[in-house]
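# here is a sequence together with a model predicted from it:
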Protein chains: 2
Amino acid sequence: MVQIDLFRNETEFKSFAAGDTIFREGDTEKLMYVVLEGEVQLSVKGHAVEKLGSGGVLGELSLIDAAPRSATAVALSACKLVPITEQRFMFMVQQTPKFALQIMRVVADRLRAMDERL
Amino acid sequence: MVQIDLFRNETEFKSFAAGDTIFREGDTEKLMYVVLEGEVQLSVKGHAVEKLGSGGVLGELSLIDAAPRSATAVALSACKLVPITEQRFMFMVQQTPKFALQIMRVVADRLRAMDERL
């Protein structure tokens, strides 16, 4: 799992309880999350594809293109997630090249993992 | 297919004949290509996954992480490809946020296509 450290000291977060659905395939919400605390399971069409811990990124595709969620995210434990809006995401891509590269690595890592499954 | 227009007027290119292998799975070359002219077939483990035309991007994962090629690229017709080195890629991500976003879209598009196959 690719982790990012830019939001470690963030004080604004959303809490989820174990078993809560964070988002579902097909949802059109445009929001990325970074895991501050806890564990999140990502699945695609009912197949578990990745488990995320602190520093993990989810929902980034919704900010990169405008398409609906391609994965479902469920909290495996009590979680604190930092929500990143589209506005903040675009600002950070422009101001912080390290952030852009980290997001590219997250998506590249997922693509390689899916290629492996073929 | 996500296309990028930033290299349309590029004068430095590499030519490939129909049937030529541009790169193979497992190769460790760090080079991205943008298609100026022609058609390229991408395949993963022998499965055709994407056909690229003018403005198409290939080999970008090798610049995002350091891992070997996860796909094989073969010229379907006579092709002209613009090679992008790691140095130029990093410079562009820093100087041209539009480029960073376009590369994110290329990878996001591929990830969604692979998710669809699950």
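That came through fine.
# state which one residue of chain A is found closest to chain B.
The nearest approach of chain A to chain B comes at A:Met114, 3.6 Å away (Cβ to the nearest Cβ). C-betas here are computed from N, CA, C, even on glycine.
# so that residue touches B:Val107, yeah?
No: at 11.1 Å, A:Met114 and B:Val107 do not qualify as touching, with contact defined as Cβ atoms under 8 Å.
# contact partners for the most centrally placed residue in chain A?
In chain A, the C-alpha nearest the mean C-alpha coordinate belongs to A:Leu58, at 0.9 Å (Cα atoms, centre = their mean). The contact partners of A:Leu58, taken as Cβ atoms under 8 Å, 6 or more residues apart in numbering or on different chains, are A:Ile22, A:Phe23, A:Met32, A:Tyr33, A:Val35, A:Val40, A:Leu42, A:Leu52, A:Ala71, A:Ala73, A:Leu81.
# most surrounded residue in these?
Ranked by neighbour count (other Cβ atoms under 10 Å in any protein chain shown), the contacts of A:Leu58 have A:Leu81 at the top, with 27 neighbours.
# that residue sits in which helix or strand?
Taking DSSP states H and E as the criterion, A:Leu81 maps to strand A:79-85.
# show me the beta-bridge partners of the residue nearest to the centre of chain A.
Per DSSP bridges, the residues bridged to A:Leu58 are A:Tyr33.
# look up how far B:Ala108 lies from it.
From A:Leu58 across to B:Ala108, the span is 14 Å (Cβ to Cβ, to the nearest Å).
# same question, A:Thr72
From A:Thr72 across to B:Ala108, the span is 17 Å (Cβ to Cβ).
# contacts for stretch A:103-118?
For stretch A:103-118, contacts defined as Cβ under 8 Å, 6+ apart pick out A:1-2, A:4, A:49-50, A:57, A:60-61, A:64, A:93, B:44-45, B:47, B:49, B:60-61, B:64-65, B:67, B:70-71, B:100, B:103-104, B:107-108, B:110-111, B:114-115, B:117-118.
# just the element for the residue of chain A closest to chain B, please.
A:Met114 belongs to helix A:97-117 when assigned by DSSP H and E.
# show the average pLDDT along that helix.
Averaging pLDDT along helix A:97-117 yields 96.
# buried stuff in that helix?
The neighbour-count check on helix A:97-117 (16 or more other Cβ atoms under 10 Å in any protein chain shown) flags A:97, A:99-112, A:114-115 as buried.
# cool, and stretch A:60-69?
Of all the residues in stretch A:60-69, those buried under the rule 16+ other Cβ under 10 Å are A:Glu60, A:Leu61, A:Ser62, A:Leu63, A:Ile64, A:Arg69.
# quick check, that stretch touching chain B?
Yes: Stretch A:60-69 reaches chain B (Cβ under 8 Å from any Cβ of the partner chain) through A:Glu60, A:Leu61, A:Ile64, A:Asp65, A:Ala67.
# of those residues, closest to B:Arg88?
A:Ile64 (21.9 Å; Cβ to Cβ).
# ok, that closest one touching B:Leu101?
Yes: between A:Ile64 and B:Leu101 there is a contact at 7.3 Å, judged by Cβ under 8 Å.
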